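Undergrad: When you get a sec, could you give me coordinates for this:
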Amino acid sequence: MALEQPILLDLVEAATTVFRLSWERQVNAWIYTPIGVIIILLFCFGVNSVISISHVSFPASVACMILLFFILLGCSIVLGDRKARKLVALVDIPVCSLVPACDGCKLIAWQGGFALRYINVLFCPAFVLIPLGPTISGREIGKIVAVYLIGYLVVFTFTAYLTRGLQFIFGTSKRALAERADELGARNENIPLSEPQVPGEDTGAMQSRNTSSVPLLRSDNFDEIQAPERAQDPMEIVGTGGPPVHEQADYISLAPVSSRLATTRQSGAPLTRAQRWATVINTRIDIFTYLTIFFVVGLPIYLTSGYAMPAQLALTILAYFLALELPPVWRRYLHPALVASVITIVGIYILTACYGQEFREGLLDYRTKTNYLILFKGTPGAPKPGAGDFLSSVLDVSIVALAMPMYQHRAELKRSFFPIVIPTISIAILSLFGYPIVCHAIGISPSRALSFPSRSLTLALATPATQNLGGDLSLVAVLCILSGIMGVIIGQQLLDLLRIPPDDYITRGVTLGGNSSAIATALLLVTDPRAAAFSSLALGLFGTVTVAFSSITPVVKIVQHLAGMQT
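TA: Numbering: from 1, shown residues only. Reported below is the predicted structural model:
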């Protein structure tokens, strides 16, 4: 048995191996993607500036999502699908990262890109800030819970059956495979999320449990590390470039390596210590990166200056990694965003105790409301942004990115226009006028009653709608979060209970999008991208209708009167 070389040399060799394998995806993750994100945020800032001129309260991210969808549609019509794909590939850099084919291997199952892959952790700030909400009496909490649960079930059922019925009335076909194939094009169009995420049947198929993007494997890398095919060879470990996506089947099919490599590899040869270390680092390179940021950058800055953003941001990302380590059965009921938020709250409590700061102050530092709009505007005297501001700003990019699955499944959207629009507008109007009546009848305060019409919206849309109506912003944040979590935990089971067929992606997408907003849409991006397209359109249309009605003064006065508010 050969003696192992000194530890220092093994460390150098492991670091060299990891660098050689991961430098390209790290450049993509830390240079190209941030540049793309900033460009999209600048675009959102410009749209927000135009919207502000009209004195209408509407989130720029949703406007940009709709605008991007129609831009892509226009390019597809004017330029043709082939040329439009170039624009899609350009947009894909920050929202759905593209991985070029490597020597001797071809990507079959595309992984979600940065914005859509990161979307769950971006919901954490809304959870983390719940302790800052005002106290509510136990009696009123009971009333709120009752209205929420009964209302959710009633509206959910109404949406599902109305959408299902409209499909029969308008003769919408769920299985128009020929039209869908023509619309989506060939399987190698380089459009993410258009490919089924299933394990490859190739002999070279590999499963990466902790990864969400693909390294560029080269044939010369295999020559340097001899290991059995079943071993965790660092050359065969797929790198990340983002948080791990355990919710999805991270299967990547690669073509078999050349026969020359197969013969040069020594079957059964054990990995060296350096190779074992390289394997561990390469599979969890993001965890090591954020641990370094937390201990080397975040903690020193926080303990010396009191600025908590780097430490709290790294803490939230690491908490999300930890939440994804839960067994799949647990994650079915313990949503990663919820678990990560609880861990983050505990972490902030520990950090503030170490620094001698009040816990409430630590939570206030988490989100100072200095988001990208404030930074780009150059508002004087604005506080430094917190971790929550950073994540909420990136969430706007994710909202814009929802235009991608809508574009990819545009044929189905066109074919099912009325089964999408009619239920969405119906539940928006019913929620706007129905919830205030019920809440006022059982004695819920007017401001809290006016939070319920927006309870199914994503926070980006719920906030301006609730502000326009004069509702409680703290309560609507909780309601929106709970609606999303409800959709993730019991949404599929409710649809099964209502006897909605599993292949009816139209009903499933519209129902979950109209009742559980972006959190449920994030789940559908993994489980059923076709349904995610309908969910994206439903949540956008629902929010647009609600915000539009809440901007009309006579309508606002009627709704406030129904809630018992004295005007």
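Undergrad: Look at residue 276 and say how many residues are nearby.
TA: 18 (other CB atoms under 10 Å). Every residue, glycine included, has its C-beta placed from N, CA and C.
Undergrad: Average pLDDT for stretch 531-539, rounded please.
TA: Taken as a whole, stretch 531-539 carries a mean pLDDT of 89.
Undergrad: Measure how far that stretch is from the centre of its chain, please.
TA: With CA atoms, centre = their mean, to the nearest Å as the basis, stretch 531-539 stands 14 Å off its chain's centre.
Undergrad: go on, stretch 426-442?
TA: Using CA atoms, centre = their mean, the offset of stretch 426-442 from its chain centre is 29 Å.
Undergrad: What residues of that stretch count as buried?
TA: 426-428, 430-432, 434-436, 438-440 (16 or more other CB atoms under 10 Å).
Undergrad: Please apply the same query to stretch 382-401.
TA: Those would be 385-401, for stretch 382-401 by 16+ other CB under 10 Å.
Undergrad: just checking, which of those residues belong to helices?
TA: Taking DSSP state H, the ones among these that sit in helices are 387-401.
Undergrad: residues touching the residue nearest the centre of the chain, list them.
TA: For the chain, the residue nearest the mean C-alpha position is residue 119 (1.7 Å; CA atoms, centre = their mean). When contacts are counted by CB atoms under 8 Å, 6 or more residues apart in numbering, residue 119 touches 395, 398, 401, 518, 522, 525.
Undergrad: Please, which helix or strand holds residue 13?
TA: In this structure, residue 13 sits in helix 7-27 according to DSSP states H and E.
Undergrad: which residues sit against the very next helix or strand once past that helix?
TA: For helix 7-27, the following helix or strand on the C-terminal side (DSSP H and E) is helix 33-53. Helix 33-53 is contacted from outside by 58, 60-61, 63-64, 67, 93-95, 97, 114-115, 372-373, 376-377, 393-394, 396-397, 400, using CB under 8 Å, 6+ apart.
Undergrad: PyMOL command for the buried members of those?
TA: Selection of buried members from these for PyMOL, criterion 16+ other CB under 10 Å:
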select buried, resi 58+60+61+63+64+67+93+94+95+97+114+115+372+373+376+393+394+396+397+400
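Undergrad: Okay, and which of the contacts of helix 33-53 map to helices?
TA: 60-61, 63-64, 67, 93-95, 114-115, 372-373, 376-377, 393-394, 396-397, 400.
Undergrad: max-length helix in this protein?
TA: The chain, longest helix under DSSP H: helix 138-170.
Undergrad: where's residue 135, which helix or strand?
TA: Residue 135 belongs to no helix or strand, assigned by DSSP H and E.
Undergrad: Please report phi then psi for it.
TA: phi -80, psi 140 (degrees, to the nearest 10).
Undergrad: ditto for residue 402
TA: The phi/psi pair for residue 402 (degrees, to the nearest 10) is phi -60, psi -10.
Undergrad: gap between the closest residue to it other than its chain neighbours and residue 410?
TA: Of all residues not flanking residue 402 in the chain, residue 536 sits nearest, at 4.1 Å (CB to CB, 6 or more residues apart in numbering). Separation of residue 536 from residue 410 (CB to CB, to the nearest Å): 12 Å.
Undergrad: So for the two, which sits in the more crowded spot?
TA: residue 536 (28 against 17).
Undergrad: Quick check, that one in contact with residue 403.
TA: Yes. Counting by CB atoms under 8 Å, residue 536 touches residue 403, with 7.5 Å between them.
Undergrad: Common neighbours of these two, please.
TA: residue 65.
Undergrad: how about residue 533, secondary structure?
TA: Of the three states, residue 533 takes helix under DSSP: H, G, I helix; E, B strand; the rest coil.
Undergrad: what about it, how many neighbours?
TA: Residue 533: 31 neighbours (other CB under 10 Å).
Undergrad: Kindly report the same for residue 469.
TA: Around residue 469 there are 28 residues (other CB under 10 Å).
Undergrad: so where does residue 475 fall, helix or strand?
TA: Residue 475 belongs to helix 473-497 when elements are defined using DSSP H and E.
Undergrad: gap between that helix and the chain center?
TA: That offset, for helix 473-497, works out to 15 Å (CA atoms, centre = their mean).
Undergrad: now the following helix or strand past that helix: mean pLDDT?
TA: As assigned by DSSP H and E, the chain's next helix or strand after helix 473-497 is helix 505-527. Averaging pLDDT along helix 505-527 gives 89.
Undergrad: swap in stretch 272-291?
TA: Mean predicted lDDT for stretch 272-291 stands at 88.
Undergrad: Any idea how far apart the tips of that stretch sit?
TA: 26 Å (CA to CA, to the nearest Å).
Undergrad: Good, we can wrap up now.
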